[in-house]
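Student: compute the structure for the input listed below.
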Amino acid sequence: MPLAARAPAQSGPSRPVLRRSLAVDLALAAACVGLGLVALTLGTMSVSVADAARTLAGEATGPLRLVVLEWRLPRILAALAAGAALGMAGALFQTLLRNPLGSPDVIGFDAGAFSGAILAMLAGATAAIVALASLAGGLAAGLLVYAAAGGSHVERSRLILIGIAVGVGFTALNDWLIFTAPLDSALIAASWKQGALAGVDKGRLAIGAAILLVLLPLGLACRRSMDALALGDDKAMSLGEPPGTARLRLGLVGLSLTATATLIAGPVGFVALIAPHAARRLAGSAGLPLSTSALFGALFLLGSDCVARTLFAPRSLPVGAVTACLGGLYFVLLLRSRLRRGTGS
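Tutor: Okay, the predicted model is just below:
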């Protein structure tokens, strides 16, 4: 009996892996802070790092305070928050589906969340209602994919293919809603859809950040369920983790994280696809590390936004265009490697 009780602990990560993972997390967190300070200096108005730090400390007024605190800081916080949510959601879904292509942006859950959010916004709803509508849209997309794929006994590869088709359908719906909306609302929605963080809504950002304060710890608490599912359904049951309940927990938390990221920044693609793989390589772990995935997602999205702001300065690109270019190339390489393994070449 004592040996059985200690078995789950023995199957966990080794101490060197844990130390490396912690070191990587600290390095990524420091990189996020450093890049955030640098991002405060980017733009048409020249701001030094010292001036940015002084403004954050409340020692500046006038135009400097306006530019740093009112314009640039919300954009940076939105990139960090949405990137962390997408990175963790990607790790949860890729573990749940046991497929590196099974991220929520690939299978259309972010497009569904955006459909709910944009419908609420066009109806004149408050930021809180828009947040609920985003979550409802993501859940609706998840249920639609699950039902269309055939329920609990569906093959995971088939579920991903159906999810891609459902995502295309929601994307078409979003484009139609924007096309038929009044001009002022259409411009806001189109910018939101492309991930133009320059116009991030502060109300949505505040609500999204508050939601993430709850969801990110819930996501970290899914670590035991992820480890149990990786051992197989029978082993998970013997460890006190019913597979159905564990999958439901991972799916709900992952969908909620995706919907919250969409609420903040729009349906930004490929962050949830790339972050978990990069995190696993950095941490040197066999599974997908949740905290590292979240931190890398935050750093990746903030870095992409810095590129979007400076590549064609003074004009700024939507961050979604940058992540699509980088992520699209990664997606092709990942798909090619899987096809090669499948054909045995």
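
Student: how much space separates Cys222 from Leu40?
Tutor: Here Cys222 is placed at a distance of 34 Å from Leu40 (C-beta to C-beta, to the nearest Å). For every residue, glycine as well, the C-beta is placed using N, CA and C.

Student: distance check, the residue nearest the centre of the chain against Arg54.
Tutor: Most central residue of the chain, judged by C-alpha distance to the mean C-alpha position with C-alpha atoms, centre = their mean, is Leu86 at 0.8 Å. When distance is defined by C-beta to C-beta, Leu86 is 32 Å away from Arg54.

Student: residues contacting the closest residue in space to His277 that isn't next to it in sequence?
Tutor: In space, His277 comes closest to Pro100 once its chain neighbours are excluded; the distance is 6.4 Å by C-beta to C-beta, 6 or more residues apart in numbering. For Pro100, the contacting residues are 94, 273, 276-277, 334, 338, taking C-beta atoms under 8 Å, 6 or more residues apart in numbering as the criterion.

Student: how about Pro100, phi and psi?
Tutor: Summarising the backbone geometry of Pro100 under the convention degrees, to the nearest 10, its torsions are phi -70, psi -10.

Student: and the next element down the chain from the strand or helix carrying Ala147?
Tutor: Remark: Ala147 resides in helix 127-149, with elements defined by DSSP states H and E. In the C-terminal direction, the helix or strand that comes right after helix 127-149 (DSSP H and E) is helix 156-180.

Student: tell me the angle that following helix makes with helix 127-149.
Tutor: Regarding helix 156-180 and helix 127-149, their directions subtend 140 degrees when assessed with axes from the mean of the first three to the mean of the last three C-alpha atoms, to 10 degrees.

Student: any chance you could list what contacts helix 156-180?
Tutor: Residues outside helix 156-180 that contact it (C-beta under 8 Å, 6+ apart) are 97-99, 101-102, 105-112, 114-115, 118-119, 122, 137, 141, 144-146, 148-150, 186, 189-190, 193, 267.

Student: now, those residues that are in helices?
Tutor: When helices are assigned by DSSP state H, the members of those inside them are 97, 109-112, 114-115, 118-119, 122, 137, 141, 144-146, 148-149, 186, 189-190, 193.

Student: residue contacts, Val319?
Tutor: Going by C-beta under 8 Å, 6+ apart, the list of residues near Val319 reads 79, 195-197, 265, 268, 301, 304-305, 308.

Student: and it, what's its pLDDT?
Tutor: Note for Val319: predicted pLDDT of 90.

Student: mind checking the SS state of Ser46?
Tutor: coil (DSSP: H, G, I helix; E, B strand; the rest coil).

Student: gap between it and Leu40?
Tutor: If you measure Ser46 against Leu40 using C-beta to C-beta, the figure is 12 Å.

Student: neighbour count: those two, which is higher?
Tutor: Comparing Ser46 with Leu40 by neighbour count (other C-beta atoms under 10 Å), the higher total belongs to Leu40, at 24 against 8.

Student: now that one: phi and psi?
Tutor: Backbone torsions for Leu40, taken as degrees, to the nearest 10, come to phi -70, psi -20.

Student: surely it is in contact with Val47?
Tutor: Yes. Assessed by C-beta atoms under 8 Å, Leu40 is found in contact with Val47 at 6.4 Å.

Student: shared neighbours, those two?
Tutor: Here Leu40 and Val47 share the contacting residues 55, 68, scored by C-beta under 8 Å, 6+ apart.

Student: show me which residues of stretch 203-210 are buried.
Tutor: Within stretch 203-210, the residues that qualify as buried by neighbour count (16 or more other C-beta atoms under 10 Å) are 204-205, 207-209.

Student: my bad, should have said stretch 88-98
Tutor: Residues of stretch 88-98 classed as buried: 88-97 (neighbour count, 16+ other C-beta under 10 Å).

Student: ok, and what's touching that stretch?
Tutor: Counting by C-beta under 8 Å, 6+ apart, residues outside stretch 88-98 touching it are 100, 102-105, 107, 156, 159-160, 216, 219, 222, 226, 229-230, 247, 250-251, 253-255, 257-258, 261, 271-276, 279, 287-290, 293-294, 297.

Student: low-scoring stretches of the stretch 51-200 of the chain, by residue?
Tutor: Screening the stretch 51-200 of the chain residue by residue with the criterion pLDDT under 70, one finds the ranges 151-154.

Student: closest to Val130 out of the contacts of Pro100?
Tutor: Nearest to Val130 among the contacts of Pro100: Leu273, at 25.5 Å, using C-beta to C-beta.

Student: buried residues in stretch 106-123, which are they?
Tutor: Under the neighbour-count criterion of 16+ other C-beta under 10 Å, stretch 106-123 has 106-122 buried.

Student: phi, psi for Ala286 please.
Tutor: phi -70, psi -40.

Student: brain fart, Ala196
Tutor: In this entry, Ala196 is assigned phi and psi values of phi -80, psi 90 (degrees, to the nearest 10).

Student: isn't it up against Ala321?
Tutor: No. Using C-beta under 8 Å, Ala196 is not in contact with Ala321; the gap is 9.3 Å.
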